[in-house]
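Chemist: Here is my input, please return the structure:
(chains A and B)
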Amino acid sequence: MECRPTRRGFQEVAEAVSEHGERARTLCYQQRVLPEIEVLLRVASSLTGQPADAEDLVQDTLLRAWRSFDTFDGEHPRAWLLTILRNAHINGHRRQRPGLLHDPDLSSRVNSEDRPDEAASAEDAALRDSFDEAITAALAKLPEQFRHVVLLIDVDDLSYAETASLLGIPEGTVMSRLHRARKRIRLDLAAAGLAPRRRI
Amino acid sequence: MNDDLPLRRKMWGNAEIASCREVGRALQAYLDGHTDPATTSRIARHLERCRRCGMEADAYTAIKRALGSRDTGADATAVARLRAFGRRLADEPPPTATQA
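Modeler: The predicted structure is shown next:
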């Protein structure tokens, strides 16, 4: 059985095959929801800043998605799931983490994999490490609403529209926050001598 | 051909090439691929010739690249656990509640 979106959504699929409706629902959930888990976890990590909280949030999202799967219109599962994740985050998780402004765990999201380019000199590697450290420090200094946008778009690779929908703000606000956040990062890097200043 | 401008001199725009002011406004959208084809091409021509804006673009590109290579926070073990959780959920009888 194939899981295809229809105008009326998967409810129609389930009804059409009433004998196997339950099975259709299960298959559609598996085919449309489960592939989005990695993206959901990345986004949850950006929102919560804590791996354990992120996993809890995604688990809550999966449960809510399963319970309300009949309301899914069959299209854009990621957008639908991100909305559920956002609601779950607002309802249950935000109050558990009052602030991330100086989150020591932020440094755990720095690229810690040790995969030096064989051709790169030790000096290049040190420079790259300084750059990454400076980026981490600059991110930690950003107000939470700016940092979320940068993490969601530049790290998690969400689109402007997905980010806007997730955060419940207009796309123009996403762009404005993103650009201002990057500008702050650039200025911090420039102050550390790691990026060109605009006006020399 | 050496079209590099001195750092202190601003470039004026025309139909073929964006001005420094335009680049200042649209640079990040350009780097994100959110500018229309005509604007993209005018900005690209500007960046080839204007040293100051070129340095600005290089800085943002380096920042974007560094951010893009960061740990995404989605470790494989957690993803596997959540997939197993999702599969178990889907194997259960359909719920009666429909609250998201």
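
Chemist: For the residue in chain A that chain B sits nearest to, give its distance to B:Val79.
Modeler: In chain A, no residue comes nearer to chain B than A:Ser45, which is 2.7 Å away by CB to the nearest CB. Bear in mind the C-beta positions are built from the backbone N, C-alpha and C, glycine included. Distance of A:Ser45 to B:Val79, computed by CB to CB, to the nearest Å: 11 Å.

Chemist: Which of the two has more residues huddled nearby?
Modeler: Comparing A:Ser45 with B:Val79 by neighbour count (other CB atoms under 10 Å in any protein chain shown), the higher total belongs to A:Ser45, at 28 against 17.

Chemist: does the more buried one really touch A:Ala54, like I thought?
Modeler: Yes - contact status for A:Ser45 versus A:Ala54: in contact at 4.2 Å, counting by CB atoms under 8 Å.

Chemist: what about B:Arg88, how many residues close to it?
Modeler: 10.

Chemist: As a check, name the ranges of all helices in the chain.
Modeler: All of this refers to chain A. Shown for chain A, the helices assigned by DSSP state H span residues A:10-16, A:21-32, A:37-48, A:51-67, A:77-88, A:122-141, A:144-150, A:160-167, A:171-191.

Chemist: Chain B, not that one
Modeler: With DSSP H as the criterion, chain B has helices spanning B:20-31, B:37-49, B:51-68, B:76-91.

Chemist: The longest one relative to helix B:20-31, how many degrees between them?
Modeler: If I follow you right, that is helix B:51-68. 20 degrees (axes from the mean of the first three to the mean of the last three CA atoms, to 10 degrees).

Chemist: anything in helix B:51-68 near chain A?
Modeler: Yes - residues of helix B:51-68 contacting chain A under CB under 8 Å from any CB of the partner chain: B:52, B:55-56, B:58-60, B:62-64, B:66-68.

Chemist: follow-up on the earlier one: for the residue of chain A closest to chain B, give its distance to A:Arg180.
Modeler: In terms of CB to CB, A:Ser45 sits 23 Å off from A:Arg180.

Chemist: Closest to the centroid, which residue in chain B?
Modeler: With distances taken as CA atoms, centre = their mean, B:Asp32 lies nearest the centre of chain B, 2.9 Å away.

Chemist: Can you report phi and psi for that residue?
Modeler: With angles defined as degrees, to the nearest 10, B:Asp32 sits at phi -90, psi 0.

Chemist: Over to B:Gly13?
Modeler: Backbone geometry at B:Gly13, expressed as degrees, to the nearest 10, gives phi -90, psi 170.
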